[in-house]
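Student: quick one: sequence plus predicted model below, questions after.
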2 protein chains.
Amino acid sequence: MGRWEPNARLRLVRAAIDLYGEQGYDTTTVAQIAERAGLTKATFFRHFPDKREVLFAGQQEHSALLAEGVAGAPADASPIEMVAGGLTVLAASFTPEQHAFGHLLGVAVAGSAELRERDASKTAGLVAAVTDALVARGVPDATARVAGELGVLAFKQAFARWSDDERGDADSLARHATSALDELRTAAASLG
Amino acid sequence: MGRWEPNARLRLVRAAIDLYGEQGYDTTTVAQIAERAGLTKATFFRHFPDKREVLFAGQQEHSALLAEGVAGAPADASPIEMVAGGLTVLAASFTPEQHAFGHLLGVAVAGSAELRERDASKTAGLVAAVTDALVARGVPDATARVAGELGVLAFKQAFARWSDDERGDADSLARHATSALDELRTAAASLG
């Protein structure tokens, strides 16, 4: 984390995603990831507990940003508008680097049962964060939970669309998130 | 699976749940589970690949039952009515034994990060099964996905309520599922 390892964290994430895509997650070792990043195993373990968490280390920060956006929505916002506020704050944190490896990340997760499982767990964590933030604003439990589910689903769909979109700026991700959320809200109203 | 091991599968599940509750999931071994069930480790491994899957072996069957119920709903059913059909068929498969250890199962899963993660993965699998079954009936993708999410969430809530309910029959579980789904549908309509 010293100045002699600039961007070590990002370099490790990028190396891991590349290797998972090239040779598969199961056969990739921490040593290989560190070598590809031009760093040592010790440096890897200063940043991540294992090769799986490389791809999910942002969960805590993402939860906090979603909650911050919900908390900061206007006083008269509807639950879905609060969720939109959360998605907007989260989207603003994304960088062109994340856009650049978004597609490979999706391929890596889809190709490994272990990563899909961890991804499901991250999703559940994010849903809980949004739900709790909505409840803290007085939204009833059931409404908060449904809104949390739709919000996180919208963000996942938006990230996939953004990865396929040539516009890699955070504003573009935010627009995808808003439109995905609107589609899901419309779908929810058509359930019968 | 021979006649000399009556109910081996159920005995192993029960032993595992008991031990996870008593001493924690992490410290429990397959040997301890087998011993508690009065069976051998070899018998354990004929039924389950590892100590984690003991609690989730029903995922494939549950997915199939949900899909069957969706497929069997009346031709003029709304998406949410199709989901209700899936929950009813799934609920009908539950036994008084599952009611009896439902509470301990919840405690065991809540107490282990590894089990919570596997539980999130099972949830995602069930949502995909319901979504696919709805799409096969012509429900638009976004509507199917939202209905799938709400359906599986409703069943999870229903199972938790059933575990706390003294009525341990399958009809009781089905009633909890129907009312939980109705609550979530109402919540979805109130999102703004």
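Tutor: Here it is on my side, so go on. Fair warning: this is a prediction, and the values are worked out from it, not measured in the lab.
Student: contacts and neighbour counts: CA atoms only from here.
Tutor: Fine.
Student: show me where chain A has its helices.
Tutor: A:8-23, A:30-37, A:41-47, A:59-71, A:79-92, A:96-100, A:102-110, A:113-136, A:141-163, A:170-189 (DSSP state H).
Student: can you give the contact residues for the third one?
Tutor: The reference is to helix A:41-47. Residues outside helix A:41-47 that contact it (Cα atoms under 8 Å, 6 or more residues apart in numbering or on different chains) are A:1, A:8-9, A:12, A:30-31, A:34-35.
Student: and that helix, average pLDDT?
Tutor: Helix A:41-47 comes out with an average pLDDT of 96.
Student: buried residues in that helix?
Tutor: The neighbour-count check on helix A:41-47 (16 or more other Cα atoms under 10 Å in any protein chain shown) flags A:Phe44 as buried.
Student: next: the longest one.
Tutor: Neighbour counts over helix A:113-136 (16+ other Cα under 10 Å) mark A:115-135 as buried.
Student: before we move on, the earlier item: tell me which of the helices of chain A sits most buried.
Tutor: helix A:79-92 (a mean of 25; mean count of other Cα atoms under 10 Å in any protein chain shown).
Student: and that helix, what does it pack onto?
Tutor: Under the contact criterion of 3 or more Cα pairs under 8 Å, 6 or more residues apart in numbering or on different chains; DSSP states H and E, helix A:79-92 touches helix A:59-71, helix A:113-136, helix A:141-163, helix A:170-189.
Student: ok, the contacts of helix A:41-47 vs chain B, which is closest?
Tutor: A:Val30 (21.2 Å; Cα to the nearest Cα).
Student: which residue is the nearest non-sequential neighbour of that closest one?
Tutor: In space, and not counting its chain neighbours, A:Val30 is closest to A:Lys51: 5.9 Å by Cα to Cα, 6 or more residues apart in numbering or on different chains.
Student: what residues does chain A have near chain B?
Tutor: Selection of chain A residues close to chain B by Cα under 8 Å from any Cα of the partner chain yields A:78-81, A:116-118, A:120-121, A:124, A:142-143, A:146-147, A:149-150, A:183-185, A:187-192.
Student: sorry, back to before: format the contacts of helix A:41-47 as TSV; extra columns: pLDDT.
Tutor: Shown next, in TSV, are the contacts of helix A:41-47 (pLDDT from 0 to 100):
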residue	pLDDT
A:Met1	47
A:Ala8	93
A:Arg9	91
A:Leu12	95
A:Val30	98
A:Ala31	97
A:Ala34	97
A:Glu35	97
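Student: residues contacting the residue nearest to A:Trp162 when sequence neighbours are not counted?
Tutor: Counting by Cα to Cα, 6+ apart, A:Trp162 lies nearest to A:Leu173, which is 5.7 Å off, once chain neighbours are set aside. Each residue near A:Leu173 by Cα under 8 Å, 6+ apart is listed here: A:91, A:158-159, A:162.
Student: give me that answer again for 10 Å
Tutor: Applying Cα atoms under 10 Å, 6 or more residues apart in numbering or on different chains to A:Leu173 gives the contacts A:87-88, A:90-92, A:94-95, A:99, A:155, A:158-163, A:165, A:167.
Student: and the gap between it and A:Thr131?
Tutor: Distance from A:Leu173 to A:Thr131, counting by Cα to Cα, to the nearest Å: 22 Å.
Student: what of A:Asp18?
Tutor: 34 Å.
Student: what do you get for A:Ala91?
Tutor: Taken as Cα to Cα, the span from A:Ala91 to A:Thr131 is 18 Å.
Student: domain assignment for chain A?
Tutor: As assigned by automatic domain parsing, chain A contains the domains A:8-53, A:58-189.
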